[in-house]
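> Following is a predicted model, sequence given first.
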Amino acid sequence: MAARPRRRLLLLRRRQAAARLLGVLWLACGAAEGVAGGEPPLKCDELRLGQYPESGWGCDPKIDNSTQEPLNCTNHTANVPCRPAPNITCKDHSGNENNFTGKEVGFYKPIACRNVNGYSYKVAVALSLFLGWLGADRFYLGYPALGLLKFCTVGFCGIGSLIDFILISMQIVGPSDGSSYIIDYYGARLTRLSITNETFRKTQTYP
């Protein structure tokens, strides 16, 4: 009868020892995975707002005063240099991992820009408001035939002048060469939405 309690005590001790050993192995495996499977540094173009300088996103474009568009605007796109905040580690545009000081360029962000050809929005609106009945707005925008017709009819008896003023103010009528108005970069600009390969909604297919 005395041998049974001893056997139970030995089995209980063995189970406790096995449980401790499993716990140690589990902790060791977790630590190894944490060291080997640590998160790689982010790409610099995936940084968030707080990881850029306090002045903004670190991607503020330099604006050309004559065109009010970002510098080096070609094909409706300008590549703006972005600088991560100091002590931020990320992969730059070349794929190299760097610890930035706030002055180095991390990546170049492409932003949309417009093609302008010297036609000022403020000048066009002012001409349409004060001299629209003489066709000055149409002459300025490159529509000499409509300008001459408005001049001969005194702005279509004022009705055509009013319509042109509304169309030019809403940026519906623009320069004849297809370029955009020169408008302050941070001013009131009209953004037209169009259907492209990126915005077109494809028909959903169900399995």
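Sure, I can see it. Just so we're clear, the structure is a prediction, and the values are computed from it rather than from any experiment.

> the strands in the chain, which residues?
Remark: strands assigned in the chain by DSSP state E are 63-64, 69-70, 77-82, 88-91, 97-100, 107-112, 116-120, 180-182.

> can you map out the helices along the protein?
Using DSSP state H, the helices of the chain run over residues 3-36, 121-131, 136-141, 144-152, 154-157, 159-169.

> how about the most centrally placed residue in the chain, what does it touch?
A centroid search over the chain (C-alpha atoms, centre = their mean) returns Ile111, at 6.4 Å, as the residue closest to the centre. Ile111 makes contact with 59, 61, 70, 77-78, 80, according to C-beta atoms under 8 Å, 6 or more residues apart in numbering. (C-beta placed from N, C-alpha, C; glycine too.)

> Pick the one among those closest to Val125.
Pro70 (23.9 Å; C-beta to C-beta).

> Which positions within stretch 175-182 qualify as buried?
175, 180-182 (16 or more other C-beta atoms under 10 Å).

> Redo the contacts of Ile111 as TSV? Include neighbour count, distance to Gly142 and pLDDT.
Output for these, formatted as TSV (neighbours: other C-beta atoms under 10 Å; distance: C-beta to C-beta, whole Å; pLDDT from 0 to 100):
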residue	neighbour count	distance to Gly142	pLDDT
Cys59	16	35	75
Pro61	18	29	86
Pro70	20	25	91
Thr77	12	26	90
Ala78	20	26	90
Val80	20	31	87
